[in-house]
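**Q** okay, here's the prediction I keep looking at, along with the sequence it came from:
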Amino acid sequence: MYVAVKGGERAIAAAHELLARRGRGDRAVPALESDQVRDQLGVLVSRVMNEGSLYDPDLAARAIVQAQGDALEAVTLLRTYRTTLPRYGATVALDTAGLPSERRVSATFKDLPGGQQLGATFDYTHRLLTDAADDEPAGEGLGTGLRPARPAEAPAAADGHLDARMPRISDLLGAEALLEEHVPSPGDPEPADLTREPTIFPMSRAERLQALARGDEGFLLSLGYSTQRGYGRTHPFVGEVRVGEVEVEFVAPETGEALPIGRIEVTECQMVNQFVGDAVTPPQFTRGYGLAFGRAERKAMSMSLVDRALRADEFGERRVGPAQDEEFVLAHSDAVEATGFVEHLKLPHYVDFQAELVLIRQLRAVHRQRDRAGHETTAGDRVGQSDSIGGTP
């Protein structure tokens, strides 16, 4: 046993050394720096921050380098590090109504107040591989939006919301009572912290949105897609997608006042979905919502589609698709948990397998005996039939 343990330790150490060599690659080439990843792979950094539940582009970039580009391994590293951090309290809820947009598009109104602002997007690229020499920006001053980018500090109204030059689509529809009102839960309780408390079903919408924000982007994308393919009663429109920086505030215990502590980049998606109404509620549009760290439009859109699908019970809709099943969605959306459960199959299961191997051999022996007995019975029947046919009546 001692020899086996020591041999295993040496093998693991050698595997780690080989992994480091493979990850470093050709040493004649400069090593990849985390600040390069942070600045040039921003979309990947955003994904790792979202699923890692920690907004820190520098740490996310470092995790990506350490994980050799494996996004889920980087997410695991970031979550593990997150558990070591002290908690000083909770920040004030983000006021995304005052989000000064670097990018703002809507699929519901062509000429919306404030205009469409394309910003930085892959939406209109040709999806063709380019030569490395073509990767440098063409030049300064060639904006991609339909209007100049707003400054980081956008003018705001007296109530702190974005000024009337760029109103939210939800406010425009809400002014005509065409969109459901956003009504807080009775008593407006503080949402549970899924990183510190056990998951209990059914969950509040706030808790569901937490889980979706941490969920695997690919899994949520597939579920959101399924709702558009008939596995959920949705006919969605992108009311609005915004990308920009929003201020984070923290209530200092010493003063009791909310103080700004920095700005973070977020992506917000308001999805609008048709609802025919019922005996109490008139026909109107309903909401799906998604909010994600960084530039993460696909994640925010997928979140909003699944969020709306999970609200089926609120609107008396039949559950006809997986995306409408809360427990199925939220119990399987965490990529870290899923990865751990799948990849643990690589670990030794010798005892379990030997037990099943013995069982299979026993079952096969019983099967052979039954098969042999069945053949003997069939042969005996044939002999009996031939005797009665050829014998004396």
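**A** Perfect, I can see it now.
**Q** now E9: how far from T83?
**A** 26 Å (Cβ to Cβ, to the nearest Å). C-beta coordinates here come from the backbone N, C-alpha and C atoms, glycine included.
**Q** tabulate the CA atom coordinates of the strand ranked longest in the chain in PDB.
**A** In the chain, ranked by residue count with DSSP state E as the criterion, the top strand is strand 258-275. Coordinates of each C-alpha in strand 258-275 appear next as PDB, following Å, rounded to 0.1, in the frame of the first residue of the first chain:
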ATOM      1  CA  ALA A 258     -24.300  55.100   0.400                       C
ATOM      2  CA  LEU A 259     -20.900  56.000  -0.900                       C
ATOM      3  CA  PRO A 260     -19.700  55.300  -4.400                       C
ATOM      4  CA  ILE A 261     -16.800  52.800  -4.500                       C
ATOM      5  CA  GLY A 262     -16.200  52.300  -8.200                       C
ATOM      6  CA  ARG A 263     -17.800  51.500 -11.500                       C
ATOM      7  CA  ILE A 264     -18.200  48.200 -13.200                       C
ATOM      8  CA  GLU A 265     -19.100  47.300 -16.800                       C
ATOM      9  CA  VAL A 266     -22.400  45.400 -17.200                       C
ATOM     10  CA  THR A 267     -24.700  44.100 -19.900                       C
ATOM     11  CA  GLU A 268     -28.500  44.400 -19.400                       C
ATOM     12  CA  CYS A 269     -31.200  42.800 -21.500                       C
ATOM     13  CA  GLN A 270     -34.900  43.500 -21.300                       C
ATOM     14  CA  MET A 271     -36.800  40.900 -23.200                       C
ATOM     15  CA  VAL A 272     -40.500  41.600 -24.100                       C
ATOM     16  CA  ASN A 273     -42.900  38.700 -24.600                       C
ATOM     17  CA  GLN A 274     -46.500  38.600 -25.700                       C
ATOM     18  CA  PHE A 275     -49.200  37.600 -23.200                       C
END
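**Q** so which bits of the host helix or strand of R242 are buried?
**A** If you go by DSSP states H and E, R242 is part of strand 236-251. Within strand 236-251, the residues scored as buried using 16 or more other Cβ atoms under 10 Å are 236-250.
**Q** quick check: which ranges of this protein have low pLDDT?
**A** Applying pLDDT under 70 to the chain picks out residues 1-7, 132-165, 379-393.
**Q** OK, contacts around the closest residue to D313 other than its chain neighbours?
**A** The shortest distance from D313 to any non-neighbouring residue, by Cβ to Cβ, 6 or more residues apart in numbering, is to R319 (8.0 Å). R319 makes contact with A312, D313, D325, according to Cβ atoms under 8 Å, 6 or more residues apart in numbering.
**Q** okay if I get those as JSON lines plus secondary structure and neighbour count?
**A** Putting the contacts of R319 into JSON lines (DSSP: H, G, I helix; E, B strand; the rest coil; neighbours: other Cβ atoms under 10 Å) gives the following:
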{"residue": "A312", "secondary structure": "helix", "neighbour count": "20"}
{"residue": "D313", "secondary structure": "helix", "neighbour count": "12"}
{"residue": "D325", "secondary structure": "coil", "neighbour count": "17"}
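**Q** report the two of the buried residues of strand 236-251 separated the most.
**A** The most widely separated members of the buried residues of strand 236-251 are F237 and F250, with 35.8 Å between them, by Cβ to Cβ.
**Q** okay, strands next: where are they in this protein?
**A** For the chain, the strands defined by DSSP E cover 101-105, 236-251, 258-275, 284-293.
**Q** packing partners of the second one?
**A** Where contact means 3 or more Cβ pairs under 8 Å, 6 or more residues apart in numbering; DSSP states H and E, strand 236-251 is packed against strand 101-105, helix 169-175, strand 258-275, helix 297-309.
**Q** if we go to 6 Å?
**A** strand 101-105, strand 258-275 (3 or more Cβ pairs under 6 Å, 6 or more residues apart in numbering; DSSP states H and E).
**Q** do the same with the third one
**A** Identification of packing neighbours for strand 258-275 by 3+ Cβ pairs under 6 Å, 6+ apart yields strand 236-251, strand 284-293, helix 297-309.
**Q** switch to 8 Å and redo it
**A** helix 169-175, strand 236-251, strand 284-293, helix 297-309.
**Q** kindly report the same for the shortest one.
**A** On a contact count with 3+ Cβ pairs under 8 Å, 6+ apart, strand 101-105 meets strand 236-251.
**Q** the inter-axis angle of the strand it packs on versus strand 258-275?
**A** Between strand 236-251 and strand 258-275, the angle comes out at 160 degrees (axes from the mean of the first three to the mean of the last three Cα atoms, to 10 degrees).
**Q** now stretch 352-362: how far from the chain's centre is it?
**A** How far stretch 352-362 lies from its chain's middle: 39 Å, per Cα atoms, centre = their mean, to the nearest Å.
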